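*Asks:* No sequence on hand, only this structure:
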């Protein structure tokens, strides 16, 4: 009887201990958006992490891209944000990021492998914090529907072709095959400014302050407005909405309606999966101008949020995800250009990619090396999204027939100055 | 007989079991309520019953209203009011800063003024055509036609849909590869890019808004038409009055109270329009269908610098307009109640 009571007591004690262990589990929330399959891959990686670390549970909240730029900043400002978030407006939300250094086992690993991009996540004057790591490095660049070129019997312009060369060739193709979009460029200031820098835009003055309007910028803006008049670009993207609203042409490209689509490396995964054998598509180098042949760098970072109540657990998750084998698997399965210097040097194998996707990854990989210093400076500038939004909003108005480019230039300068002043208050 | 009595007994007992918790709650509540009544007197008791509603109204309507006015007097991009610098009427001055108020391009906040003029255009077109079509539909649905019940349901159905769903349905119909362009090309025509031409975009914004809300106003007018005594028409018919004259001289004057409600309600709802047009046209092309509420939303939430102060000032100005329209509705409603 005594033995029975002892066994029963032990069982109760063990179950209580187990229950209290389960009760002590830390739950972290991670806000995430996806362009392709990265949400599924992240879910897999987190499941593995949770198995190895049963005391930490990570809830992946998948939200639309728009929510990352519009809702998340308000949540963060209200102190109601997640513990970890995948963000793209790095300068804009830098003030809400957690410096992981005190909680990391090996901060030097982050500096060594993610160092070049950490400055994008830091506030002006901060040279040391480690808020997170790049889940993907992106570079803007064009995709071309090669099948349409072949059907039209027009040769693809070569590696150093200018934007004018591409406009001429794509218009010829579109006219012959009745495609509605000879050139489609994402309705985004980020995409446009890559073109503008290629045309010689300097973006900053000698003191490092924004000086958006110059001859290079004007050349690119005139080119885009003219293309809308001559039918090289359709007004459906830039002229059909107001303000800084983003419009992509990925669906139109997948439906073979676009001859050349200026977007970026993040589209590779979805094109690879969704276009399949419908037609041949290729990535081509960025067209050239007086300022070079550059795209805009960019990317998404996974960062800790400073209002978290569990910074140690956040750091543990980040260390796991940023570690070389896990990051390698993530980049490899998502077909992303790595934001990890060591892996970029070794090269990533993409076994799931089709030959078309592998070609595109190779082209974008090469483009990373050709990105101009001006483009890097703009991407690292804290208030860059103010510039992107002002540019697309005002040039978009001209495309829609509201006002002239000269009026737009004045407005862009006013908008940028006013918003930066407001931000600094 | 005995069976009936037995079932009644079971019913009573079942009812008794169900009502027991209710009776208990009432008895418990009775104690403090009597104490309150003794303390404040019977005449003040209605205020005690109104208090919960006042509290909810104050918390979710009045407090945000005051906070909004507070935000409109501050600047910067910080979220909490306590952290924001006081700028007085600076945000209002920014909104009103124009060389020529009739030309938005001369205004510092040109998008706000474009929004104002677009909203005026949208509201005028929407109210006029909404009232016309609602009246026409109500008159037809009031006639003895076959399938009247079915058609009443059909016209009311869009009112039950979410504005976002309405806008998405019409977007799919109107886009380049949409249903309408499919029909046009089948008939040998050229595709029309409806969202690229400012005139077309405004036309469809108004059309979709009328399509979505007409059922509600039709219902109000139908109720008014059904309240008109049939013997008036019989008397008019006996006098040889023609149908158009009967409509003009009898129906319209008798329907006027309902018509005024429809005009004022559609006016207020028109000024507040946001979601349908935002999803349908995104405010474009350019700023051709940018309405004031979209301007407020974008200024506060979707720009990188979330300018709550400027958005707050614009909302206060919009609120003043809506308040004036509400007063107008009250004025006409009271005028309609006065015995003639």
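*Replies:* Received it, and whenever you're ready, just let me know what you need. These numbers were taken from a predicted model, which means no experiment stands behind them.
*Asks:* CA atoms for contacts and neighbours, from now on please.
*Replies:* Noted.
*Asks:* For the stretch 1-150 of chain B, which residues are neighbours of chain A?
*Replies:* Contact residues, the stretch 1-150 of chain B versus chain A (C-alpha under 8 Å from any C-alpha of the partner chain): B:75-80, B:85.
*Asks:* I'd like those as TSV, with neighbour count, pLDDT and secondary structure appended.
*Replies:* TSV is the format used below for the residues of the stretch 1-150 of chain B next to chain A (neighbours: other C-alpha atoms under 10 Å in any protein chain shown; pLDDT from 0 to 100; DSSP: H, G, I helix; E, B strand; the rest coil):
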residue	neighbour count	pLDDT	secondary structure
B:75	23	93	coil
B:76	23	88	coil
B:77	23	83	coil
B:78	23	86	coil
B:79	19	87	coil
B:80	10	89	coil
B:85	15	94	coil
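*Asks:* Looking at these, which is nearest residue B:127?
*Replies:* For these, the residue nearest residue B:127 by C-alpha to C-alpha is residue B:75; the value is 36.2 Å.
*Asks:* what sits against the closest one?
*Replies:* Taking C-alpha atoms under 8 Å, 6 or more residues apart in numbering or on different chains, we find residue B:75 in contact with A:422, A:425, B:84-87, B:91, B:307-310.
*Asks:* With residue B:216 instead?
*Replies:* B:156, B:159.
*Asks:* And the average pLDDT for stretch B:262-275 is what?
*Replies:* The average pLDDT for stretch B:262-275 rounds to 92.
*Asks:* Buried residues in it, which are they?
*Replies:* Buried residues in stretch B:262-275, counting neighbours by 16 or more other C-alpha atoms under 10 Å in any protein chain shown, are found at B:262-268, B:270-275.
*Asks:* Just the closest of those residues to residue B:146, please.
*Replies:* The closest of the buried residues of stretch B:262-275, once distances to residue B:146 are taken by C-alpha to C-alpha, is residue B:262, at 26.8 Å.
*Asks:* element containing residue A:302?
*Replies:* For residue A:302, the element it lies in under DSSP states H and E is strand A:297-304.
*Asks:* So for that strand, mean pLDDT?
*Replies:* 95.
*Asks:* So what touches that strand?
*Replies:* By C-alpha under 8 Å, 6+ apart, strand A:297-304 touches A:83-88, A:90, A:97-100, A:131-140, A:311, A:314-315, A:318, A:368, A:371, A:375-376, A:379.
*Asks:* Give me the below-cutoff pLDDT ranges for the chain.
*Replies:* Here I'm looking at chain A. In the predicted model, chain A carries pLDDT under 70 at residues A:1-24.
*Asks:* try chain B instead
*Replies:* In chain B (pLDDT under 70), the answer is B:1-11, B:336-340.
*Asks:* Redo the buried residues of stretch B:262-275 as JSON lines? Include distance to chain A.
*Replies:* Formatted as JSON lines, the buried residues of stretch B:262-275 follow (distance: C-alpha to the nearest C-alpha, whole Å):
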{"residue": "B:262", "distance to chain A": "31"}
{"residue": "B:263", "distance to chain A": "30"}
{"residue": "B:264", "distance to chain A": "29"}
{"residue": "B:265", "distance to chain A": "28"}
{"residue": "B:266", "distance to chain A": "25"}
{"residue": "B:267", "distance to chain A": "24"}
{"residue": "B:268", "distance to chain A": "24"}
{"residue": "B:270", "distance to chain A": "20"}
{"residue": "B:271", "distance to chain A": "19"}
{"residue": "B:272", "distance to chain A": "19"}
{"residue": "B:273", "distance to chain A": "16"}
{"residue": "B:274", "distance to chain A": "14"}
{"residue": "B:275", "distance to chain A": "14"}
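*Asks:* Mind checking which of the residues you listed are in helices?
*Replies:* B:262-268, B:270-271, B:275 (DSSP state H).
*Asks:* Mind putting those into a markdown table with distance to residue B:98?
*Replies:* Shown next, in a markdown table, are those (distance: C-alpha to C-alpha, whole Å):
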| residue | distance to residue B:98 |
| --- | --- |
| B:262 | 35 |
| B:263 | 32 |
| B:264 | 30 |
| B:265 | 31 |
| B:266 | 30 |
| B:267 | 27 |
| B:268 | 26 |
| B:270 | 25 |
| B:271 | 22 |
| B:275 | 28 |
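*Asks:* Show me which of those is closest to residue A:202.
*Replies:* residue B:275 (39.1 Å).
*Asks:* Please verify my assumption that the closest one contacts residue B:166.
*Replies:* No. With contact defined as C-alpha atoms under 8 Å, residue B:275 does not reach residue B:166; the gap is 9.8 Å.
*Asks:* ranges for the strands of the stretch 251-400 of chain A?
*Replies:* A:258-264, A:281-283, A:297-304 (DSSP state E, counting those that start in this stretch).
*Asks:* Mind checking these for the one nearest to residue A:48?
*Replies:* Short answer: strand A:297-304, nearest of the strands of the stretch 251-400 of chain A by C-alpha to C-alpha, at 17.9 Å.
*Asks:* and the angle from that closest one to strand A:258-264?
*Replies:* Counting by axes from the mean of the first three to the mean of the last three C-alpha atoms, to 10 degrees, strand A:297-304 lies at 40 degrees to strand A:258-264.
*Asks:* what lines up beside strand A:297-304 in the sheet?
*Replies:* Sheet pairing for strand A:297-304, assigned by DSSP bridges, gives strand A:84-87 (antiparallel), strand A:132-145 (antiparallel).
*Asks:* Tell me if residue A:126 really is in a helix.
*Replies:* No. Counting by DSSP: H, G, I helix; E, B strand; the rest coil, residue A:126 falls outside a helix, being coil.
*Asks:* Thank you kindly, that will do.
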